[in-house]
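[1] need a structure here:
(2 chains)
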Amino acid sequence: MTEPTVYELTVPGRVGFKFPASDVPQVDLPAGFEREELPLPEMSELDAVRHFTRLSQLNYAIDLGFYPLGSCTMKYNPKINEVTSRLAGFGLTHPRQPEDTVQGNLYLMYTLQEWLKEIGGFAGVTLQPAAGAQGELAGSLIIRKYHVDRGDTQRTRMLIPDSAHGTNPATSAMIGFDVVALPSDERGNVDLEALKSLCDDRLAGLMLTNPNTLGLFDENVAEVVRIVHAAGGLVYGDGANMNALLGVFRPGDLGIDVLHYNLHKTFSTPHGGGGPGSGPVAVSEALLDYLPEPVVKIVEEGDDETPPLFGFYRPAKTIGRMKAFHGHFGMHVRAYTYIAMLQQEGLRDIAEKAVLNANYLMHRLKDTYTLPYKRTCMHEFVLEGVWKDVPEIHALDIAKRLMDYKFHPPTNYFPLNVHEALMIEPTETENLETLDSFADAMLKIAEEARTNPELLKNAPHNTPVRRADELKAAKDLVLCCYPMDELQSK
Amino acid sequence: MFTPHTEHDVEVMLKRIGVAKVGDLFEKIPEAYRYPKLNLPPQLTEMEALAELQEIAGSNGSTQDLLCFLGAGAYDHYIPAAVDNLLQRGEFYTAYTPYQPEISQGTLQAIFEYQSLLAQLTGMAICNASHYDGATAAAEAVIMAYGHFRQKRKKVLVSRAVNPQYRAVMRTYMQGSPELKITGDEPEVGIDAGMQAFIDLIDNDTALVMVQYPDFFGRVIDYKPVIDAVHAQGALVAVAVNPTALGVLTPPGEIGADIVFGEGQPLGIPLSYGGPYLGIYAINDELLRKLSGRLVGSTTDVEGNLAYVLTLTAREQHIRREKASSNICTNQGLMALASTIYLTLLGKHGLQQVANLCYQKAHYAAGELTKLPGYALQFGDTPFFHEFVVKTPGKVDHLLEDLRGYDILGGYDLGQDYPELEGCLMVAVTEKMSKNDIDTLIDAVGEVSHD
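    This is a model prediction of the structure:
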């Protein structure tokens, strides 16, 4: 396959879209500012449509097949979400419209805030953060400001388990916290002794992913929270793995102080090939005043005849604004649609089936692949993608060979505390036949590793491109197509 | 509905796992907290959910029913039908970040094309893919410049004519670096188009100077003197842009900007009440190693065929953790794709045309509006693009409320953000407005009270 770029497909003079002619008197552009060259493509509409359609066909996607990418919750993205988020009343409203013209939007945001509070067991929610990492940033800034306001400016130590997502340490470092890595014990839980030794008056908090990235529910979580609180720290919950807990357990009930949700993982909004996400943040009562602005509230209670009036407000000690306007509203509509169709009963079903699917797959694979932590898993589990008898085969080879069987590979080389990790998250939306065919492929690959290791080393064989030279990409950097004049002179 | 399991499936699976019931899989969860009663409404079917959502959406006034002269950071442009149709291909929107290049060439090549188109449009060497929106891109520019000088230069100067939300967000982001001073946007420095008071603040402790083009008020200002003054002090310049304007205006890359960023929403992304949008972020090549966010590069596969991959990932959080250039992970992939399709469809002629239409219509509107008694352009003959500020004879909030009676969103009340511009209305005009629509606005303004 080689699909030409839009610059290569350009033929000067072609037009892909035409606007109506101007119906107002012509005035000159400001002198001295006129642009001379505008090197953009020139293609017909059909040529452009075919180009992007062909590109789409080079992708793997949830709509095409099983996508067990650990930590990413690649569940089915219901089509109805794409219909509701495009309703004119949502999709065509301007973010600066007066509040009385967008009461529907505000009602939806308010209700989603309320639902997310209830689902996680928290006192308040902001929908503003654009993605999980920005939710972490908002949550960490809340923790920082809470300590600073209390005069505890020395509290800058953030404890982060070694199994945590990379965004956790990156976020903490961004706001000036000192990141201290916390080891896991032999059962994959936070090491309590190590935790205690790091809890003093310099402690800002702990960022805890639970279930953690090994897919394990921390068996000591209540004790972990107690120790951190006793030392004056706050517990940040990374909600990336909330899919395992919906309707089953509320982190807020256990005293988690802050938690971000990933609407694009847990609540079915599409990943879009790398975004947009949405990362609402929930907080406990003590942190309500620190939420980023704006938050939606009822400004005037309604009665039998009139609905309540909704509006934005600025929390008293707010950390400020995280982005322009009010967050990824289009994602809020999708998540609202999804939750409306599930609620208590459906949410619990999601978590139960996600955990059932993961445990089933784990049991089908655990005798062939090393399972480093032999425990019931939650929504995902981690295997070692390496065997002693065929040391030349790595997790990467297994991942690449899965593509030949038309599966997306699991996350590999993460978490870092498992050697040659293969992190598998099937999600609740997959049926038994799919799980079985994936397990069969994994078992077959284990066999191939012994009988024909070259098959794995050279995989994938039948994909649009084969293994790419990433070193070359980084060394001989090419980050743009040729500009047209250069292209034409070639 | 979204879970396919039959009772029989569940039995088979539990048997294989070796537990009696699904609940047994959750026994590590503290029992006292297991299965909380949630105060949530009953679940709906798809039919019921759609009806409910239609009712909620229907209670809003949208730009379909209202003439929208609101801008101030988000603009009501026409989006060609092909853009959304292509975006709705499941192969695009249900894919993850392209970590596995062999089965992600579609997303990767589209990002590569995005980087190319935006680099060309802004006149810069390199464009990343992408930041959340214009405001967070502004914050990333501050982080980049502060890091570029290894925290030794402790001042960032931002013009008061930069979008107030951008300025708010960069301050939020930099709370953890209290030794960094973000300044230059105080009322006393002012918003004069000559910018002398602002230029006078540039010194050798300055890491970054930020301006906007066209600025928040829609003005087109020659930043050459600012950029020369900044470079004389060895500092960096970041210019926020409206990408539509670059269809006809000289790009900042041509006058020496080090960073060009902005809100990409005008490039084929629906208003959607403020998001998701697109943070454009382009740089000159000297800043490459400090760049945050995704980058796609071209290379070859083992058979020598052209292939695209995510590259320079050693800058990113999943590799470098606390030493990463940013915490950004999920970004605005699908919105970057929307803008790529939009720019490809419009192409050279279409972008020039839409930019020119916006310019013409805004100037017609400004000309007509200022014929009304008591209305005048606040910034006199300073050039503007598709948004302008008029001094009104009365209270802007009253005027806007009266205009709503005519189904018109008349513009933005600048007094909310700028006390010195009390009584000033900011009006944006895009290609969607016909002469007739603009005349409707003018007539309505002429008719309503001015108390």
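
[2] and the longest helix for chain B?
    helix B:333-369 (DSSP state H).

[3] All the helices of the stretch 101-250 of chain B, residue numbers only.
    In the stretch 101-250 of chain B, the helices defined using DSSP state H, counting those that start in this stretch lie at B:105-122, B:134-148, B:164-173, B:196-199, B:224-232.

[4] from these, which stretch is densest packed?
    Sort the helices of the stretch 101-250 of chain B by mean neighbour count, taking mean count of other Cβ atoms under 10 Å in any protein chain shown, and helix B:105-122 sits at the top with a mean of 28. From N, CA and C alone the C-beta is placed, and that goes for glycine too.

[5] List the residues that contact B:Leu306.
    A:Thr2, A:Val465, B:Ser298, B:Thr299, B:Thr300 (Cβ atoms under 8 Å, 6 or more residues apart in numbering or on different chains).

[6] count of neighbours near the second one?
    Other residues within reach of A:Val465, judged by other Cβ atoms under 10 Å in any protein chain shown, total 25.

[7] What are the boundaries of the strands in the stretch 1-150 of chain A?
    A:124-126 (DSSP state E, counting those that start in this stretch).

[8] thinking again about what came up before, can you turn the buried part of the contacts of B:Leu306 into a PyMOL selection?
    Restricted to buried positions by 16 or more other Cβ atoms under 10 Å in any protein chain shown, the PyMOL selection for the contacts of B:Leu306 reads:
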select buried, (chain A and resi 465) or (chain B and resi 298+299)
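
[9] ok, of the contacts of B:Leu306, which one's closest to B:Asp439?
    The closest of the contacts of B:Leu306 to B:Asp439 turns out to be B:Ser298 (Cβ to Cβ; 50.9 Å).

[10] What is the three-state secondary structure of the nearest residue to the closest one once chain neighbours are set aside?
    Residue nearest to B:Ser298 in three dimensions, not counting chain neighbours: A:Val478, with 4.5 Å by Cβ to Cβ, 6 or more residues apart in numbering or on different chains. Using DSSP: H, G, I helix; E, B strand; the rest coil, the secondary structure recorded for A:Val478 is coil.

[11] and A:Val478, what is it in contact with?
    Applying Cβ under 8 Å, 6+ apart, the residues contacting A:Val478 are B:Gly297, B:Ser298, B:Thr299.

[12] Quickly list what the residue nearest the centre of chain B is bridged to.
    Centroid check for chain B by Cα atoms, centre = their mean gives B:Glu263 as the closest residue, at 2.7 Å. Beta-bridge pairing for B:Glu263 (DSSP bridges): B:Gly279.

[13] how about it, what does it touch?
    A:324, B:73-74, B:133-135, B:137, B:240, B:242, B:277-280.

[14] my guess is A:Gln128 meets A:Gly327, correct?
    Yes. Taking contacts as Cβ atoms under 8 Å, A:Gln128 lies within contact range of A:Gly327: 4.2 Å.

[15] Wait, a strand at B:Thr300?
    Yes. Remark: B:Thr300 belongs to a strand, assigned using three-state DSSP.

[16] now it, nearest residue through space, not along the chain?
    Closest to B:Thr300 by Cβ to Cβ, 6+ apart is A:Asp469, at 5.6 Å.

[17] May I have the longest strand seen in chain B exported as CSV, CA atoms only?
    As assigned by DSSP state E, the longest strand anywhere in chain B is strand B:206-213. Only the C-alpha atoms of strand B:206-213 are listed here, as CSV (Å, rounded to 0.1, in the frame of the first residue of the first chain):
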residue,chain,number,x,y,z
THR,B,206,11.9,37.7,29.7
ALA,B,207,11.5,34.2,28.4
LEU,B,208,8.4,34.6,26.3
VAL,B,209,6.3,37.3,24.8
MET,B,210,2.8,36.4,23.7
VAL,B,211,0.5,38.3,21.3
GLN,B,212,-2.6,37.4,19.2
TYR,B,213,-3.2,37.8,15.5
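
[18] Is that strand in proximity to chain A?
    No. Strand B:206-213 stays clear of chain A (Cβ under 8 Å from any Cβ of the partner chain), getting no nearer than 9.5 Å.

[19] show me what contacts B:Glu316?
    A:Gly166, B:Ser292, B:Arg294, B:Ala324, B:Ser325, B:Ser326, B:Ile328, B:Cys329.

[20] Mind doing that once more with 10 Å?
    A:166-167, A:170, B:292-295, B:310, B:324-329 (Cβ atoms under 10 Å, 6 or more residues apart in numbering or on different chains).

[21] how does chain B divide up, domain by domain?
    By the assignment in automatic domain parsing, chain B contains the domains B:67-79+B:347-447, B:82-341.

[22] show me the contacts for A:Gly273.
    A:56, A:59, A:61, B:91-98, B:104, B:106-108, B:110-111, B:333-334, B:336-337.

[23] Selecting buried members of the residues you listed in ChimeraX, what would you type?
    To isolate the buried members of these in ChimeraX, using 16+ other Cβ under 10 Å:
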select /A:56,59,61 /B:91,92,93,94,95,96,97,98,104,106,107,108,110,111,333,334,336,337
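
[24] Any stretches of the stretch 301-450 of chain B with poor pLDDT?
    Within the stretch 301-450 of chain B, the ranges that satisfy pLDDT under 70 run B:449-450.

[25] Mind jotting down where the helices sit in it?
    For the stretch 301-450 of chain B, helices defined by DSSP H, counting those that start in this stretch occupy the ranges B:317-320, B:333-369, B:396-404, B:435-447.

[26] and these, which is most packed in?
    When these are scored by mean count of other Cβ under 10 Å, the highest mean neighbour count falls to helix B:333-369 (a mean of 25).

[27] Okay, angle between it and helix B:105-122 too, please.
    30 degrees (axes from the mean of the first three to the mean of the last three Cα atoms, to 10 degrees).

[28] Please see if helix B:333-369 touches chain A.
    Yes. Residues of helix B:333-369 contacting chain A under Cβ under 10 Å from any Cβ of the partner chain: B:333-338, B:340-357, B:359-368.

[29] coming back round to it: state the pLDDT value of the residue nearest to the centre of chain B.
    The confidence metric pLDDT takes the value 98 at B:Glu263.

[30] Next, the angle helix B:435-447 makes with the longest helix of chain B.
    60 degrees.

[31] Quick check on A:Gly353: phi, psi?
    Quick fix: residue A:353 is Lys, not Gly. phi -70, psi -30 (degrees, to the nearest 10).

[32] Now the nearest residue to it once chain neighbours are set aside: phi and psi?
    Counting by Cβ to Cβ, 6+ apart, A:Lys353 lies nearest to A:Glu428, which is 3.7 Å off, once chain neighbours are set aside. Here is the backbone geometry of A:Glu428 (degrees, to the nearest 10): phi -80, psi -20.

[33] Does A:Glu428 touch A:Met378 like I think?
    No. Using Cβ atoms under 10 Å, A:Glu428 is not in contact with A:Met378, being 11.9 Å away.

[34] close to chain A, is the strand or helix carrying B:Met13?
    Element membership for B:Met13 (DSSP states H and E) is helix B:7-17. Yes. Using Cβ under 10 Å from any Cβ, helix B:7-17 comes into contact with chain A via B:His8, B:Asp9, B:Val10, B:Val12, B:Met13, B:Leu14, B:Lys15, B:Arg16, B:Ile17.

[35] Among these, the buried ones, what's the ChimeraX command?
    Typed into ChimeraX, the line below selects the buried ones among the residues of helix B:7-17 next to chain A, using 16+ other Cβ under 10 Å:
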select /B:9,10,13,14,17
